[in-house]
Every structure is written in structure tokens, then in C-alpha cells.
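>>> I'd like to go over a predicted model; first the sequence, then the structure.
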Amino acid sequence: SDEDNVLAIDGDIPVVRMDRGGEVTYHGPGQLVVYPILDLRGYRQDIHWYLRALEESVLVALHRVGIQNATREEGVTGIWINGEKVAAIGVKCRRWVTQHGLAVNVEERSLPPFRGIVPCGLEGRGVTCVNHHLPQHPLPQSHPMLPVEEFSNVLASAIKDVFSIQVRELRY
């Protein structure tokens, strides 16, 4: 990662160098971080296919919670809503076994730390969260909030469908 993409980090947030694809990102409260461990020899030995399958999993999950306008963007990895990134992907593959994975900004509290970095090295691009784009609740001035734990069930189901696998969760 390019150190110029770290602007000003709160002293409580450690900066950790990783050996994976992608630029600077943030992982913390309000995000769902998923690091699938797959042997791609059982699928396709193609890292680009794997990246697109991870993106597809997030798109399926977002559609299932009512967000229909999430998209991929040409030339960049991740998932976007109205030009802002909602899901980042950074992976490594060694001997066709995957490492690292994806992060979805679910709750609004996931967003403030991104002010201290250039997310994914994409200057001038914003980030957003799932809860900013959920369909409106029928009551005026009421906006539904989806907790990370609930979205994790939806994404796990989408990953199972996209990869045709059984998912075993490890919670810490």
C-alpha cells in the first residue's frame, strides 16, 4: 500500500501492513469482515473469477435486503451505491488457497474512520454504508437499521448460493 493514502489516523486505530491485493482500507465496528478460505482448485484457478464471485455475493445480499441499485464499476474492485463504495475486497492466494477477503460497511458507525485515509487509493471517492440505502420504512421519518449480525446471515446465505458451498462461521 502507498503510505500517502494514510492521511490522519486516530491514535486508537492501529495501522497494520498486510500482504494482500488492494490499497489502504479500514476494518472496525459497524463493518462485516469476511475472510473465506477456499481452495480454488475445487472451483476455478482464476483469481479474477474469485474476485467477481465475491462481488456477486455482496450484490446478491444487498438485493435481498432491498438495495437494488448496488453495482460493480469498470476497472475497480468492490461494490458501489450511487458512486460510493459500500464493499471493499482485497485478497491473496497462495497455492490456490484464498486469504483475506471483503468488508461491507453495514452500520453508519463504520464510516468516520475512512476520513483518515484514501480508501482503496481512490482519491475523491466516498464510502457509504448499507443502512444509508435501505428502503424507507412505511412510517414517516423512520429509517430501518440493519445490524451487522443480521446482514451477516444474509451474506452467508448469498456466499453459499454463489459458491455452492456450506458455510461454517467462526466468531471471535
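Right, received. Where do you want to start? Numbering: from 1, shown residues only.
>>> any buried residues in the longest strand seen in the chain, and which?
When the chain is parsed with DSSP state E, its longest strand is strand 84-94. Under the neighbour-count criterion of 16 or more other CB atoms under 10 Å, strand 84-94 has 84-91, 93 buried. Just so you know, the C-beta spots here come from the backbone N, C-alpha and C atoms, and that holds for glycine as well.
>>> TSV for the residues you listed, including distance to residue 125?
Supplementary listing: those in TSV, determined by distance: CB to CB, whole Å:
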residue	distance to residue 125
84	7
85	6
86	12
87	13
88	11
89	15
90	16
91	20
93	26
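>>> kindly indicate which of those lies nearest residue 105.
residue 86 (5.7 Å; CB to CB).
>>> surely the closest one meets residue 126?
No: the pair residue 86 / residue 126 is not scored as a contact, 10.2 Å apart, by CB atoms under 8 Å.
>>> returning to what we had before: against which helices or strands is the longest strand of the chain packed?
helix 47-64, strand 76-81, strand 97-105 (3 or more CB pairs under 8 Å, 6 or more residues apart in numbering; DSSP states H and E).
>>> list the contacts for the nearest residue to residue 128 once chain neighbours are set aside?
Among residues not flanking residue 128 along the chain, residue 84 sits closest, at 3.9 Å (CB to CB, 6 or more residues apart in numbering). Shown in contact with residue 84 (CB atoms under 8 Å, 6 or more residues apart in numbering): 125-128.
>>> and for residue 155?
So residue 155 contacts 32, 34, 57-58, 61, 104 (CB under 8 Å, 6+ apart).
>>> so which of those residues comes closest to residue 70?
residue 58 (7.5 Å).
>>> can you pull the pLDDT of that closest one?
pLDDT, the model's per-residue confidence, is 98 for residue 58.
>>> same check on residue 111?
86.
>>> go ahead and confirm it touches residue 127.
Yes: shown here, residue 111 and residue 127 form a contact pair, counting by CB under 8 Å, at 6.1 Å.
>>> between those two, who's got more neighbours?
residue 127 (24 against 19; other CB atoms under 10 Å).
>>> contacting residues for residue 39?
Residue 39 neighbours (CB under 8 Å, 6+ apart): 96-97.
>>> quick check: buried residues in stretch 93-107?
93, 96, 98-107.
>>> ditto for stretch 72-88
So for stretch 72-88, counting by 16+ other CB under 10 Å, buried means 72, 77-81, 84-88.
>>> from those, which has minimum pLDDT?
Lowest pLDDT among the buried residues of stretch 72-88: residue 77, 88.
>>> these two touch, right, that one and residue 51?
Yes: using CB under 8 Å as the test, residue 77 is close enough to residue 51 to be in contact (5.6 Å).
>>> what is in contact with these two at once?
residue 89.
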